[in-house]
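**Q** Sequence and predicted structure are below.
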Amino acid sequence: MRDLPAHHYTQAGQPLRAIPLWQKAGEAALAHLALAESISHLNQGLKLIAALPKSVERDASELGLRIPLGTAWSALKGWPAPEVWSSWHPALPLARSLGRNDALLPILWGLQENVMTQGRVAESLAWVNEARDAAKATGDPDLLLTGHLLAFICYFWMGNLIESQQHGDKVLGLYDAEKHRHLAHLANHDFKTSVGVFGSSCAWMLGYPDRAVRLNEEMEAHTRQRAHPFDYGFALAIGAAVFDFRCEPEKVRMRAEECERIGRDNSMPVLWAMMAPVTYGMALIRAGKAAEGVARLKAGLMVWDASGGKLLTPYIKAVLAQGMAMLGEIDGALRFIDEQLAQVEHPGWEERVHYAEILRLKGWMLSLSDDMQGAEKNYRVSLNWARGQQAKSWELRTATSLARLWQVQGKRKEALDLLKPMYDWFTEGFDTKDLKEAKALLEELAA
């Protein structure tokens, strides 16, 4: 047993000898992803720390326990869990007082992710800036890499796609496969994998559906080779968004099933109980199996909500509302989608990466209720947001919806003038559902 010597010295009343052994046992369990065991060992060490008098040595011991503890909690319960904050936030002043620049990386990463995944995306930018300021002050290259990655992810969720891409390019320019292998053990994520996960979605939104698939395939190959279970499961579930956007639910379903297998095999409920069912549920709704998809989505969301997670829920719940509308629950779906728009628009939260699509879905639901004026209003706001983000794929999808509405109203010329320039902008992805539907509608309008 890894913890046997630590138990021995604890019972013998020798905390100074027991504490480093609890840390060693906790780190060993974490390396094998025995998360509950790791947390138990590290907490045993912290209990002993609490009884020690203040000293530099005591602070160093506490810091050594808190860093792996935060990593273990984030893998077990998810990034927004209060245990993540309570593990890492007290570690920040310890790292600074001890001059431990190496410890700042996992701490600042964890605190930013904790705030952001609670839905407070714009607020979390303050922690991004903390990491970037620390990198400048210390000259630490790993912190510099971390600062750019956090900025890349944060700007992605805020919907600032071009700025996100710029930071992603800097991460890839600084990243070295061997030199930075250890970072996945500190953050539960390989940094190149993360750029691939969100960068592929970014490529789709900016109007490059085929490039998005290539980037996604390269990312999956890289993370398979890295073989970090949490990183791989996360990459499969979140990376599946590209295929959701491309309206290819079977490819989404396959990734959800693999994510669930990895989660169960490695006792990671974040993967098997939350991310996999949410991804699977979305695939079912996209495939027209609304009742089953809504049930799966609700099951996964229940776990995410229980952890305090709010990131990504505006889009997930918008898809859930779409499933409800497909089942004829239009009024309930509209109320539900209005709740998601309120979260997006909440000051300091501002998760706008899917804003244009959520507005489009509201417009579609209003059209089902024969509120054509309300539908057009939401389509127009959606178009404005997509254009501001240079999100050509969102813009095309909304332009198709609005052109179809105008077609029904007899406004064929207005519909053609709106949709044709948008369709003509694209240079790839002509086999995807969005572009095929836009082309078919153009042919109807031009006839």
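**A** All right, it came through fine. Numbering: from 1, shown residues only.
**Q** contact partners of the helix or strand containing A221?
**A** Taking DSSP states H and E as the definition, A221 sits inside helix 209-226. Residues outside helix 209-226 that contact it (CB atoms under 8 Å, 6 or more residues apart in numbering): 181, 184, 190, 192-193, 195-197, 199-201, 203-204, 231-232, 235-236, 239, 242-243, 245-246, 393, 428-429, 432, 434-435. Where you see a C-beta, it was placed from the backbone N, CA and C, and this is true even at glycine.
**Q** Kindly report the same for stretch 153-166.
**A** Contacts of stretch 153-166 (CB under 8 Å, 6+ apart): 112, 116, 121-122, 124-125, 128, 151-152, 167, 194, 198-199, 201-202, 205-206, 311, 350-355, 385, 389-391.
**Q** hmm, try it at 7 Å
**A** Stretch 153-166 has contacts (CB atoms under 7 Å, 6 or more residues apart in numbering) with 116, 121-122, 124-125, 128, 152, 167, 194, 198, 202, 205-206, 311, 350-353, 355, 389-391.
**Q** And stretch 416-431, by the same measure?
**A** With CB under 7 Å, 6+ apart, stretch 416-431 has contacts from 207-211, 392, 395-396, 399-400, 402-403, 435, 438-439, 441-442, 445-446.
**Q** in the stretch 101-250 of the chain, which segments are predicted with low confidence?
**A** Of all residues in the stretch 101-250 of the chain, none has pLDDT under 70.
**Q** quick one: the helices in it?
**A** In the stretch 101-250 of the chain, the segments counted as helices under DSSP state H, counting those that start in this stretch are 101-117, 121-138, 141-158, 161-174, 183-187, 191-205, 209-226, 229-239, 241-245, 249-265.
**Q** ok, now the stretch 251-400 of the chain?
**A** All helices of the stretch 251-400 of the chain, identified by DSSP H, counting those that start in this stretch, fall at 269, 276-286, 290-306, 313-326, 330-345, 355-368, 372-389, 392-408.
**Q** So which of those is nearest A29?
**A** Minimum separation from A29 across the helices of the stretch 251-400 of the chain (CB to CB) falls at helix 269, 16.9 Å.
**Q** Assign G429 to helix, strand or coil.
**A** Secondary structure, DSSP: H, G, I helix; E, B strand; the rest coil: G429 is coil.
**Q** And it, what's its pLDDT?
**A** Looking at G429, its pLDDT is 98.
**Q** what's the burial count for it?
**A** 21 (other CB atoms under 10 Å).
**Q** next one: the one 5 residues further on
**A** Burial of D434, expressed as a neighbour count using other CB under 10 Å, amounts to 21.
**Q** tell me the contacts of it?
**A** With CB under 7 Å, 6+ apart, D434 has these contacts: 247, 393, 396-397.
**Q** of all these, which comes closest to A375?
**A** R397 (14.3 Å).
**Q** List the buried residues for the helix holding A221?
**A** For helix 209-226, burial by neighbour count (16 or more other CB atoms under 10 Å) applies to 209-213, 215-216, 219-220, 222-223, 226.
**Q** try stretch 245-262
**A** Within stretch 245-262, the residues scored as buried using 16+ other CB under 10 Å are 245-246, 248-249, 251-256, 258-260, 262.
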